[in-house]
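Novice: With the sequence up front, the predicted model follows.
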Amino acid sequence: MSAGRIATTLYHPKLVLQEFFAGDPRDVSRALLGKILVRRRPLDNLDCKSHSSPFPFDWLAAGRIVEVEAYLGENDPAAHAYPGRTPRNSVLFGPPGHAYVYFIYGTHFCMNISCMPEGEAGCILLRALEPIMGECAMAKARHQDAQQLSNIRARKALASGPGNLCQALAISRERDNGKPVYEAHSDLVVMDDGFVFSEMLVTPRVGITKAADLPLRYAIAGNPFVSGKRTRMNAP
DNA sequence: CAACCGATCACCT
DNA sequence: GGTGATCGGTTGC
């Protein structure tokens, strides 16, 4: 990485455009690793209304995407799109670059980003972020003690795992399902700061029973914010 | 530290 | 009525 690249990284993060998401989920997954998920919460939800802010959002939280899984659509038995279009999964069949958020196990939300051109299903599950901004807001959303955030374990607990990630950024089905992630004024966008990494980890997907052997989980190798215990090699 | 279990709800059969 | 792209606490070796 050159010094020029680093300067770009710091000062000119770019919005990721819709066309980025139009391809095959496996390709988009690999490209999405290292990008930044940015969450802005509108002033309407401000906790301390007495404090006026010149900014259009009361807080900003962001994390680098370090772990994802690809779901391939109607031909993938593990995918929500497998049974074909239903009311629940209709976002997956819509245009690329939209959030597909669903409620699971009665307790958690999971966030995906739709891929493929309109009419074809396919998506990417966001499994873990490395927090890079707004950690205190994330800790509050997670009911964690912000005082402990100097501890690497506490920082990892913020957004490692798909359910935790959604809780940290206050992502819910009600608020976010179907929302585009490529619009400049959205409260949920993906950005590219030019970050590059050297090695990618590829393993089977987590927590599924069908098509459980396909190597469709992608992570930044060695990154300490990847969920689970194995951050290096594949299990047979 | 791995294995297990309960929580708790939307969806589909 | 069964199941699930999870999490975190407890159990037991």
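Specialist: Arrived safely, thanks for sending.
Novice: quick one: is the longest strand seen in chain A near DNA strand C?
Specialist: Within chain A, and with DSSP state E defining each element, the longest strand by residue count is strand A:57-71. Yes - residues of strand A:57-71 contacting DNA strand C under Cβ under 7 Å from any atom of the strand: A:69, A:71. Every residue, glycine included, has its C-beta placed from N, CA and C.
Novice: How far does that strand sit from its chain's centre?
Specialist: Distance of strand A:57-71 from the chain centroid (Cα atoms, centre = their mean, to the nearest Å) equals 4 Å.
Novice: Now the element after it, going C-ward?
Specialist: strand A:99-104 (DSSP states H and E).
Novice: report the angle between the axes of that following strand and strand A:57-71?
Specialist: With axes from the mean of the first three to the mean of the last three Cα atoms, to 10 degrees applied, the angle from strand A:99-104 to strand A:57-71 works out at 80 degrees.
Novice: what's the helix or strand immediately after strand A:99-104 in the chain packed up against?
Specialist: Counting by DSSP H and E, the element after strand A:99-104 in chain order, helix or strand, is strand A:108-114. Under the contact criterion of 3 or more Cβ pairs under 8 Å, 6 or more residues apart in numbering; DSSP states H and E, strand A:108-114 touches strand A:99-104, strand A:123-133, helix A:162-168.
Novice: CA atoms of the last one as CSV?
Specialist: As requested, the backbone C-alpha atoms of helix A:162-168 are provided in CSV (Å, rounded to 0.1, in the frame of the first residue of the first chain):
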residue,chain,number,x,y,z
PRO,A,162,-24.8,-11.2,12.8
GLY,A,163,-27.2,-10.7,15.7
ASN,A,164,-24.8,-8.6,17.7
LEU,A,165,-23.9,-6.5,14.6
CYS,A,166,-27.5,-5.5,14.1
GLN,A,167,-28.0,-4.7,17.8
ALA,A,168,-24.9,-2.6,17.8
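Novice: hmm, it in reach of DNA strand C?
Specialist: Yes - judged by Cβ under 7 Å from any atom of the strand, helix A:162-168 comes into contact with DNA strand C at A:162-165.
Novice: Could you do the shortest one as well?
Specialist: Yes - looking at strand A:99-104 against DNA strand C by Cβ under 7 Å from any atom of the strand, the contacts come from A:100, A:103-104.
Novice: Top of the residues you listed by number of neighbours, please.
Specialist: Neighbour counts for the residues of strand A:99-104 next to DNA strand C (other Cβ atoms under 10 Å) peak at A:Tyr100, which has 27 neighbours.
Novice: do you know how far that one is from A:Met133?
Specialist: As judged by Cβ to Cβ, to the nearest Å, A:Tyr100 and A:Met133 stand 24 Å apart.
Novice: again, but for A:Leu214
Specialist: With Cβ to Cβ as the criterion, A:Leu214 and A:Met133 are 34 Å apart.
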